[in-house]
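A.B. asks: Sharing a model prediction with you, sequence too.
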Amino acid sequence: MTATNEDSPRGLALAVTAYVMWGFLPLYMKALAHVPPTEVIAHRVIWSVPIAAAILLAMGRTADIRAAVSSPRTLGMAAVTAALISVNWGIYVWAIGSGHALDAALGYYINPLFSVALGALLLGERPRGAQLFAIALAAVAVVVLTVAAGKIPIAALGLTFSWGFYAYFKKSLPVGPAQGFFLEVLLLTPLALAIMAWTFVNGQSHFASGSAPDTWLLLSAGLVTALPLIIYATGAKLLRLSTIGILQYIAPTMIFLTAVFIFDEPFGTARMIAFPMIWTALVIYTVSLIRQSRLKRHPDIILPHSV
């Protein structure tokens with residue numbers, strides 16, 4: 001049974017697997033740090049198409065794609081989400097390759113709180129007091145980083161905004177997550193092929209004409225992109241929202257640990273202040289989310305007004 005009020009062991013295993021795979025992704029991206037982000041993204045798109053297509057064939061959901069491509073509205077919405085996810089990928093690839101993995105971790109830590117703010121602004125949702133406090137605390141942390149660095153953490157906020165709006169518009173896409181992903185990479189394929197062709201013509205391609213490791217790494221781009229997404233989409237259906245809310249911190253935590261202990265990125269005073277503020281905000285938000293979920297399952301439970 002895939003009840004929204006119960007956690008399936010299979011769903012938990014699938015979701016954890018997906019988040020751990022995303023957590024290891026910086027190691028893969030760091031190995032491609034010498035390859036321009038546009039070329040990496042082009043390969044992520046191109047090699048995701050056959051993998052996503054194979055999964056849809058196995059699921060027997062190709063009719064959904066035929067219906068989607070015949071709907072101008074669906075194609076238009078998919079074009080918006082495709083543009084947003086390509087921006088998100090571009091910022092992420094650049095951040096890891098240029099020594100800003102900590103900014104990437106920060107961006108994904110902030111994202112759940114930004115989603116709450118986005119829901120309040122665009123959907124009329126009413127955050128609880130604890131959630132508002134968590135958002136304010138995260139905003140102060142960003143201010144701390146901005147003042148210390150003398151500039152806005154563009155990479156972190158770029159990842160937060162692009163993923164937040166992607167998730168917002170994705171909710172309105174009238175197809176399943178696997179079908180939506182296939183549609184997005186399909187729409188991005190002409191541009192990706194153009195980028196690949198340009199690199200070949202100008203002798204700048206790292207695929208085939210480059211080293212064997214580069215070729216294999218780029219050839220694997222579709223697998224590391226599509227596989228965790230499909231695994232997550234399958235697992236998320238078998239889990240409660242509050243459980244997903246907790247599990248989503250696995251990936252940014254792994255990115256954070258990788259940045260500090262493997263990539264040896266500087267963790268200065270401002271970050272020592274800002275990151276604990278973000279973590280505190282996330283604890284407050286997660287506790288509020290769990291208690292809100294309990295209230296929905298047990299309406300007779302009365303929560304304090306401060307939550």
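C.D. replies: Now that the structure is in, tell me what you want to look at.
A.B. asks: can you pull the buried residues of the helix ranked longest in the chain?
C.D. replies: The longest helix of the chain (DSSP state H) is helix 269-297. Under the neighbour-count criterion of 16 or more other CB atoms under 10 Å, helix 269-297 has 271, 274-275, 277-279, 281-282, 284-286, 288-293 buried. For the C-beta atoms, the positions are set from N, CA and C on the backbone; glycine is no exception.
A.B. asks: pLDDT on it, on average?
C.D. replies: Across helix 269-297, pLDDT averages out at 85.
A.B. asks: again with stretch 224-243
C.D. replies: Mean pLDDT, computed over stretch 224-243, is 84.
A.B. asks: Show which residues not belonging to it make contact with it.
C.D. replies: 2, 4-8, 10-19, 21-22, 25, 28, 44, 47-48, 51-52, 55, 176-178, 181, 185, 244, 247, 286, 289-290, 292-294 (CB atoms under 8 Å, 6 or more residues apart in numbering).
A.B. asks: buried subset of those residues?
C.D. replies: By 16+ other CB under 10 Å, those give 8, 11, 14-15, 18-19, 21-22, 25, 44, 47-48, 51-52, 55, 177-178, 181, 185, 244, 247, 286, 289-290, 292-293 as buried.
A.B. asks: chain center to the helix or strand harbouring Ala259: distance?
C.D. replies: Per DSSP states H and E: Ala259 is located in helix 250-261. Computed by CA atoms, centre = their mean, to the nearest Å, the chain-centroid distance of helix 250-261 equals 15 Å.
A.B. asks: Also stretch 277-290?
C.D. replies: 19 Å.
A.B. asks: list the contacts for Thr280?
C.D. replies: Leu137 are the contacts of Thr280 under CB under 8 Å, 6+ apart.
A.B. asks: could you redo the last one with a cut-off of 10 Å?
C.D. replies: Residues in contact with Thr280 (CB atoms under 10 Å, 6 or more residues apart in numbering) are 133-134, 137-138, 141.
A.B. asks: contacting residues for the residue nearest to Ala208 when sequence neighbours are not counted?
C.D. replies: Spatial nearest neighbour of Ala208, excluding adjacent residues (CB to CB, 6 or more residues apart in numbering): Thr215 at 5.7 Å. Neighbouring residues of Thr215 by CB under 10 Å, 6+ apart: 205-209.
A.B. asks: repeat for Trp279
C.D. replies: Taking CB under 10 Å, 6+ apart as the criterion, Trp279 is in contact with 109, 137, 141, 249, 253, 256.
A.B. asks: could you flag which of the residues you listed are buried?
C.D. replies: Buried members of these, scored by 16+ other CB under 10 Å, are 109, 137, 141, 249, 256.
A.B. asks: Of all pairs in those, which one spans the longest distance?
C.D. replies: Across these, the longest distance by CB to CB is 17.8 Å; it joins Leu137 and Phe256.
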